[in-house]
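>>> My questions concern the predicted model and sequence given below.
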Amino acid sequence: MDPSLLNRSWTHEQGFQLSTNPNQIPLSDLNDFFSDMPWANPLPEAALRNLIRQSLCFALYDVHNADHKLVGIARWISDFVSVAYLTDVYLLPAYRSQGLGKWMMSCIDETFHSMEHLRGMILIVDRGGGEEILYRKYLGMDDLQSPAILLDRKGRGSAR
């Protein structure tokens, strides 16, 4: 992975920061997010550290005070050359409907466009929800092109 990807940071005029620095992510807060995601379960600390180390995390912080509270996350699982899989996109309920999800997507889109060899970005989303609209509008995502299909196999760690 290009080391510069791990040091990106964006500042929102309303007192928020998005950072790709994996060392800033509080593991207990991330695990709290996983307990609230319908597709995920909390993980042991060693697994969380590996998850963060093996992906590019876009961590959203409320920086209104000194503690820089983690309020959102999105992760890329990628080879950082040809494809990026966007997953675990989450925003605390109290921070939704403030435009932060749109802003987060614009920062992810900026990163996507900065990678000259990246062939594409993929994600799995429930059809018809607000998330689908967000990804279509702010990331330019579209349905898989025919005759492609998406295959899935759930593992023991799946919440569904």
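Looks like it arrived, so ask away. Given the structure is predicted, the values throughout are model-derived calculations rather than measurements.
>>> Which secondary structure state does A148 sit in?
coil (DSSP: H, G, I helix; E, B strand; the rest coil).
>>> Pull the residues that contact the helix ranked longest in the chain.
Assignment by DSSP state H gives helix 100-114 as the longest helix of the chain. Under the contact criterion C-beta atoms under 8 Å, 6 or more residues apart in numbering, helix 100-114 has outside partners 5, 8, 10, 12, 16, 18, 20, 56, 58, 60, 71-72, 74, 76, 84, 86, 89, 91, 118, 121, 134-135, 138-140. Using the backbone N, CA and C atoms, a C-beta is placed for each residue, glycine as well.
>>> Go again with 7 Å.
8, 10, 12, 16, 18, 58, 60, 72, 74, 84, 91, 118, 121, 134, 138-139 (C-beta atoms under 7 Å, 6 or more residues apart in numbering).
>>> Pull the most distant pair out of the residues you listed.
Greatest spatial distance among the contacts of helix 100-114 (C-beta to C-beta): F16 and L118, at 25.9 Å.
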